[in-house]
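**Student:** Build me a model from this:
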Amino acid sequence: MKTDLLQLEQHDDYLTILDKLRRCKSERILLVFHKKIRKSINKVDLRRFQYIAELQGSGIAIVSTNRVTLANARELGIPSFSVVSLALRQNWERVRKPEFSRDIMGYAAIQELEKGVS
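**Tutor:** Numbering: from 1, shown residues only. Have a look, this model is predicted:
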């Protein structure tokens with residue numbers, strides 16, 4: 001199974017990451033956050049990344065050294081790893097995936113998360 005690796009840099013913002021996600025065509029997308037990215041990625045953004053990947057028929061996983069980002073991903077059912085090599089070898093299906101429909105339910109879940117972050 002082919003995996004697209006998205007190397008994300010310090011200067012990549014939310015919209016840049018979404019644009020990169022939309023260009024991926026494989027079944028698995030690995031978001032690799034640069035080691036120098038100190039800011040954690042919140043649940044709302046992770047959920048949006050997950051939603052866009054699901055719309056394309058892909059699954060995502062996260063590689064990061066930031067513990068908060070990894071914890072947020074695990075809470076949403078997104079496979080998360082600290083090294084790329086482990087992520088490429090592991091079966092991502094073992095992690096519980098949240099159930100949502102492609103349109104209204106996915107959007108509603110994002111809205112609920114945004115309320116919790118505010």
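**Student:** List the buried residues of stretch 85-92.
**Tutor:** 87, 92 (16 or more other Cβ atoms under 10 Å). Using the backbone N, CA and C atoms, a C-beta is placed for each residue, glycine as well.
**Student:** ok, residues contacting that stretch?
**Tutor:** Stretch 85-92 is contacted from outside by 3, 28, 30, 59, 61, 63, 79, 81, using Cβ atoms under 8 Å, 6 or more residues apart in numbering.
**Student:** doesn't residue 30 make contact with the fourth one?
**Tutor:** The one in question is residue 59. No: judged on Cβ atoms under 8 Å, residue 59 makes no contact with residue 30 at a distance of 9.7 Å.
**Student:** For this structure, give me the ranges with low pLDDT.
**Tutor:** Judged by pLDDT under 70, the chain has its weakly predicted residues at 37-38, 93-110, 117-118.
**Student:** Please enumerate the strands of it.
**Tutor:** Assigned by DSSP state E, the strands in the chain fall at 3-8, 28-33, 59-63, 80-81.
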